[in-house]
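Visitor: show me the folded form of this:
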Amino acid sequence: TSIEEITKLKAKEKTLLLTQRHLLGEDLGGLCVKELQNLEKQHERALAFARQRKERQLGDLNKHFPFQLNAEGHSFKTIQGL
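Guide: Next up, the predicted model:
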């Protein structure tokens, strides 16, 4: 029924909000060591993903930078000399 569905959704919302607070470093006092370790692993994976994305974007910029300079009438050697 609709009431059961609403109850389930409210419970899910509560769980998601608590998880969000944990990920933000809030309300950690009630977590056991294993839960804290899992949270740490999640943060490490997220950080690794962000670093990979940043490196990929920087790599893409480095690949296109000389072409962009040539298109604008500059040379990389000229800019290095500045």
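
Visitor: least confident secondary structure element in this protein?
Guide: helix 76-80 (a mean of 53; mean pLDDT, DSSP states H and E).

Visitor: ok, residue 42 - how many residues close by?
Guide: For residue 42, the neighbour count with other Cβ atoms under 10 Å is 13. C-beta coordinates here come from the backbone N, C-alpha and C atoms, glycine included.

Visitor: you'd agree it is up against residue 23?
Guide: Yes: at 7.0 Å, residue 42 counts as touching residue 23 under the criterion of Cβ atoms under 8 Å.

Visitor: okay, now the unreliable bits of this protein?
Guide: Applying pLDDT under 70 to the chain picks out residues 64-82.

Visitor: residue 6: how many residues sit nearby?
Guide: 10.

Visitor: distance of residue 37 from residue 43?
Guide: 11 Å (Cβ to Cβ, to the nearest Å).

Visitor: could you pull out the helices for the protein?
Guide: Applying DSSP state H to the chain gives helices spanning 2-23, 33-71, 76-80.

Visitor: quick check: residue 16 vs residue 9, distance?
Guide: Distance from residue 16 to residue 9, counting by Cβ to Cβ: 10 Å.

Visitor: again, but for residue 50
Guide: Taking Cβ to Cβ, one finds residue 50 at 31 Å from residue 9.

Visitor: kindly report the same for residue 59.
Guide: Separation of residue 59 from residue 9 (Cβ to Cβ) stands at 43 Å.

Visitor: before we move on, what about residue 48?
Guide: For residue 48, the distance to residue 9 - Cβ to Cβ - is 33 Å.

Visitor: cool, residue 43 as well?
Guide: For residue 43, the distance to residue 9 - Cβ to Cβ - is 28 Å.

Visitor: can you report phi and psi for residue 32?
Guide: phi -80, psi 170 (degrees, to the nearest 10).

Visitor: burial of it, as a residue count?
Guide: Residues lying near residue 32 (other Cβ under 10 Å) number 8.
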